[in-house]
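In: Predicted model and sequence follow; I will ask about them next.
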Amino acid sequence: QEQLVESGGGLVQAGGSLRLSCVASGFILSGYAVSWYRQAPGKGRELVESITTAGVSTNYADSVKGRFTISRDNAKNAVYLQMNSLKSEDTAVYYCMVYRRLAEYWGQGTQVTVSS
């Protein structure tokens, strides 16, 4: 079964860190660019970071610049989002997405809650 599974979310105090993982099964993730999105309560889905197959990252959300880092480990078929200096406004469900075979593949999401 081809799927993406996110993990690593949880409850953390403001100023803390989390590392989210996005692991693919059923296909080789290294052949695709991967993006991290988030959706806060009552808001639309926001593109946060992306990474190319060559490992080049792009930040799309000014609010996380300098605090979040995307990376990939092809040996583990995974992409990560390292989140530091977390703020209450980072509270959201975080999703990874791959555009593959003319379709978007989404994981189920992982909840990140930052307490102030």
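Out: Done, it's in. Computed from a predicted structure; not experimentally measured.
In: Let me see the mean pLDDT of stretch 27-46.
Out: Averaged across stretch 27-46, pLDDT comes to 97.
In: Buried residues, that stretch. List them.
Out: Going by neighbour count (16 or more other Cβ atoms under 10 Å), the buried part of stretch 27-46 is 27, 29-30, 32-38. From N, CA and C alone the C-beta is placed, and that goes for glycine too.
In: for the residues you listed, which one is nearest Q82?
Out: Taking Cβ to Cβ as the measure, Q82 sits nearest to W36 out of these, at 10.7 Å.
In: Just checking: what are the partner strands of the helix or strand encompassing the closest one?
Out: Using DSSP states H and E, W36 falls within strand 34-39. Partners of strand 34-39 in the sheet, by DSSP bridges, are strand 45-51 (antiparallel), strand 92-100 (antiparallel).
In: Contacts for it next, please.
Out: 20, 22, 45-51, 70, 72, 79, 81, 90, 92-98, 109, 112 (Cβ atoms under 8 Å, 6 or more residues apart in numbering).
In: Now with 6 Å, please.
Out: 45-51, 79, 81, 92-98 (Cβ atoms under 6 Å, 6 or more residues apart in numbering).
In: give me the beta-bridge partners of the most centrally placed residue in the chain?
Out: The centre of the chain sits closest to W36, judged by Cα atoms, centre = their mean, with a distance of 3.4 Å. Beta-bridge partners for W36, by DSSP bridges, are E49, C96.
In: Make 4 the first number, not 1, from now on.
Out: Sure, I'll start numbering at 4, so the last one becomes W39.
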